[in-house]
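Novice: sequence? don't have it. structure:
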DNA sequence: GAGTGGTCTAGACCACTGC
DNA sequence: CAGTGGTCTAGACCACTCT
């Protein structure tokens, strides 16, 4: 209300609300602190709950709030810088932030993937399921498609389906010396299965990273990794956490 | 309604709706085709308009629909692969998809940026405004922060503020031989000014690409580029358009 | 001016979490 | 069990675009 409210451009209530709450977050709240519940906030601002929720949704999209059903709305920590340019396969040493494979079966990949792999339309490939997290927080869920032709050594040596087989496929894949990788990032919404793994609701916004692994001009594997858009900032290049966020400035815990 | 509706896991209506409409888009609609209006769709599916809108919002988030106030809802073309790893400064030759600088003044950068640049808290830098687009479609809006110290040759040679000055700063910047770049991608919502340039509503989802330009170990410039999340798929690496989308499969124009 | 999507309301009920 | 966020409704009005 401090604005001179030039009525020429009446900005929506939820937009104004978002800014007001956003500033309040910077000045009056510490990370992890819990906000008043939606009904009270709506009453306090004199708007319908739906309108208040529209503002909170925006703030959640920007990674500044975290909402959990049955619990409440809390102030989110700054987004985690997650390096996407390397890919440690459950690497030794740094078990802190790494992929963990936990399943593998054979499936018919979606058309776009099988086209990239150059496999026939209905042809099955290995589908390796991996999870990435830090400090118990899930960050990303991945589906790695590997045509049987890419790992010829792995035939009927069996390996019971599941984590064991996943490790075998990964081992074979690492044996190839890759020429390089191709990456694309786009916005998506979490499928039901990914949402469960990521501890989010189905449909929540995610950053989908599609990677083609190249070997002698051919695509030997395709990975579709789904990162939580609310908590992750994807980094590329050799410097790890770049530590530049859009609405910057550390939260001042009063 | 063809589902066997296992009532054990009652998925939300809007979620089911999203899937139904999504399938319809694949089978019954061509790119660019206009859908029935929201009120009619809601009636046809027997839901409130708000619920129908929730489904459409999801589909828009996934880049499958495009909605314009006063016009209607149309089927979106597949996302454009936009290369982010190179950065042609209004390069000669390919004027098709390139940055176009059109303004430059001096501003105090946001704290996160000035920290990355190593400038003092209240210190001004050049702020170069650029726009990227293809075929008339705006793709991204960028703010490039360049400390005066990074372009020492450009002092009082004037150049009237505006596009001319922008070109001067770029020219100076290209004269430096950069060691490399650091990139980060995260989800954001369009600020009012970006939204206007991108022909979107304020708050619409965008992919924010933050780039640090390095020269002899120091950060000589920082760019914050805002890409339309609905129409863009950011690509990294040397192969241009990777042509793998998440919900793949070309639309079959009946 | 007719028709579209965007905003907003006031209320209801559901699903989940934790005590 | 009480309290939270998530879903859904039925309506109203506004801002915009096109003709």
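Specialist: Structure's in. What do you need? Being a predicted model, the structure only gives us computed values, none of them experimental.

Novice: Look at residue A:64 and say how many residues are nearby.
Specialist: With neighbours defined by other Cβ atoms under 10 Å in any protein chain shown, the count for residue A:64 comes to 23. The way it works is simple: take the backbone N, C-alpha and C, and place the C-beta from them, glycine included.

Novice: State the helix or strand in which whichever residue of the stretch 51-200 of chain A sits closest to DNA strand D lies.
Specialist: Across the stretch 51-200 of chain A, the shortest distance to DNA strand D (Cβ to the nearest atom of the strand) belongs to residue A:70, at 3.2 Å. Of the helices and strands defined by DSSP states H and E, none includes residue A:70.

Novice: Show the backbone phi and psi for it.
Specialist: Phi and psi for residue A:70, reported as degrees, to the nearest 10, are phi 80, psi -10.

Novice: what do you get for residue A:118?
Specialist: When read as degrees, to the nearest 10, the backbone of residue A:118 gives phi 80, psi 20.

Novice: so it touches residue A:217, yeah?
Specialist: No. Residue A:118 lies out of contact with residue A:217 (Cβ atoms under 8 Å); the separation is 10.9 Å.

Novice: Between the two, which has more neighbouring residues?
Specialist: Between residue A:118 and residue A:217, counted using other Cβ under 10 Å, residue A:118 has the larger neighbour count: 12 against 6.

Novice: Residue A:173 versus that one, what's the distance?
Specialist: The spacing between residue A:118 and residue A:173, counted by Cβ to Cβ, to the nearest Å, is 17 Å.

Novice: Then residue A:181?
Specialist: Using Cβ to Cβ, residue A:181 is found at 12 Å from residue A:173.

Novice: and if you look at residue A:49?
Specialist: Distance of residue A:49 to residue A:173, computed by Cβ to Cβ: 50 Å.

Novice: between those two, who's got more neighbours?
Specialist: Taking neighbours as other Cβ under 10 Å, residue A:49 and residue A:173 compare with residue A:173 leading, 21 against 14.

Novice: Mind checking what helix or strand follows whichever strand or helix holds that one in sequence?
Specialist: Using DSSP H and E, residue A:173 maps to helix A:163-175. Remark: after helix A:163-175, the chain's next helix or strand is strand A:180-189, criterion DSSP H and E.

Novice: Who are the packing partners of the strand or helix carrying residue A:234?
Specialist: Secondary structure assigned from DSSP H and E places residue A:234 in strand A:232-236. For strand A:232-236, the packing partners by 3 or more Cβ pairs under 8 Å, 6 or more residues apart in numbering or on different chains; DSSP states H and E come out as strand A:80-83, strand A:205-215, strand B:180-189.

Novice: Report the mean confidence score over whichever helix or strand comes after the shortest one.
Specialist: Moving toward the C-terminus from strand A:80-83, the first helix or strand encountered (DSSP H and E) is strand A:98-107. The pLDDT scores in strand A:98-107 average 86.

Novice: Just give the strands next to strand A:98-107 in its sheet, each with its orientation.
Specialist: strand A:125-134 (antiparallel) (DSSP bridges).

Novice: And the contacts of the partner strand?
Specialist: With contact meaning Cβ atoms under 8 Å, 6 or more residues apart in numbering or on different chains, strand A:125-134 is reached by A:80, A:82, A:96-109, A:114, A:117, A:119, A:138-148, A:151, A:166, A:169-170, A:197, A:225.

Novice: And those, which of them are buried?
Specialist: Buried members of the contacts of strand A:125-134, scored by 16 or more other Cβ atoms under 10 Å in any protein chain shown, are A:80, A:82, A:97-99, A:101, A:104, A:108-109, A:114, A:117, A:119, A:138-147, A:151, A:166, A:169-170, A:197, A:225.
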